[in-house]
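In: Give me coordinates for this.
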Amino acid sequence: MNTMKPKRPILVWVVFLYYLITVVPAAVGLLFVWHSASYSAQARTVINSMPPLFWTLLGLTMALQLGGAIALLRLRRIALPLFAGGLFVTILQWTMLHNEYAFSGAGSQGTYMGLFGLATEFLVCAYAWRLRSRSVLT
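Out: The predicted model follows:
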C-alpha cells in the first residue's frame, strides 16, 4: 500500500509565492494607511474619500486570496471556493466602486493592473478547479 503524500506540482508553489508576494505587502500597506501614515494632501484626500465598503471588500479579498493560496499549498479542496470567493469579491468591488472611472481615460495604469489581477484570479480558479477535478486536492 502506497501511503506517500502526493508531490506538489510546481505551479502550486508558483501560485502560493505569487499571492504571498502580492497580498502580504498589500496588507502591510493597508495597515500603514489605517494608521495614518504621512501622505501628500492629495493622496490623503483620495484615501479619505474611499467608503468603508471599499476597505472591507479589499480586506476580504486579501484574506480569501491568502487563505486560498495556503489551502492550495496544503492541497486542500477548500482552495477552490476560497479563490472563487476572492474572484467574486474582486468583481463585486470592481463593479461597485470603480464604475465611474475604471474605463475612462483617467487612471488607465490602474485599469490595466486591475484587469491583470482579474485575469490572474480567473486563471488560478481554473487551475484549482482542474486540480480538484483530478483529485489532487483532498
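In: Any stretches of the protein with poor pLDDT?
Out: 1-6, 36-37, 43, 97-110 (pLDDT under 70).
In: what's the closest non-adjacent residue to the residue minimising distance to the centre of the chain?
Out: Nearest to the mean C-alpha position of the chain, by CA atoms, centre = their mean, lies Gln65 at 4.4 Å. Spatial nearest neighbour of Gln65, excluding adjacent residues (CB to CB, 6 or more residues apart in numbering): Gly86 at 4.5 Å. (Glycine included, C-beta is placed from N, CA and C.)
In: The residue nearest to the centre of the chain and Phe83 touch, don't they?
Out: Yes: counting by CB atoms under 8 Å, Phe83 is a contact partner of Gln65 at 7.2 Å.
In: Quick check: neighbours shared by the two?
Out: Jointly contacting Gln65 and Phe83 under the rule CB atoms under 8 Å, 6 or more residues apart in numbering are Glu121.
In: Convert the helix or strand containing the residue nearest to Gln65 to PDB, retaining C-alpha atoms only.
Out: Take DSSP states H and E as the rule and Gly86 turns out to sit in helix 79-97. Output of helix 79-97 as PDB, limited to C-alpha atoms (Å, rounded to 0.1, in the frame of the first residue of the first chain):
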ATOM      1  CA  ALA A  79      -8.800  26.200  -2.100                       C
ATOM      2  CA  LEU A  80     -11.200  26.400  -5.000                       C
ATOM      3  CA  PRO A  81     -14.100  28.000  -3.000                       C
ATOM      4  CA  LEU A  82     -11.700  30.500  -1.400                       C
ATOM      5  CA  PHE A  83     -10.200  31.500  -4.700                       C
ATOM      6  CA  ALA A  84     -13.700  31.700  -6.300                       C
ATOM      7  CA  GLY A  85     -14.900  33.800  -3.400                       C
ATOM      8  CA  GLY A  86     -11.900  36.100  -3.900                       C
ATOM      9  CA  LEU A  87     -12.700  36.400  -7.600                       C
ATOM     10  CA  PHE A  88     -16.400  37.100  -6.800                       C
ATOM     11  CA  VAL A  89     -15.500  39.800  -4.300                       C
ATOM     12  CA  THR A  90     -13.000  41.400  -6.700                       C
ATOM     13  CA  ILE A  91     -15.600  41.600  -9.400                       C
ATOM     14  CA  LEU A  92     -18.100  43.000  -6.900                       C
ATOM     15  CA  GLN A  93     -15.600  45.600  -5.800                       C
ATOM     16  CA  TRP A  94     -14.700  46.400  -9.400                       C
ATOM     17  CA  THR A  95     -18.300  47.000 -10.500                       C
ATOM     18  CA  MET A  96     -19.500  48.700  -7.300                       C
ATOM     19  CA  LEU A  97     -16.600  51.100  -6.600                       C
END
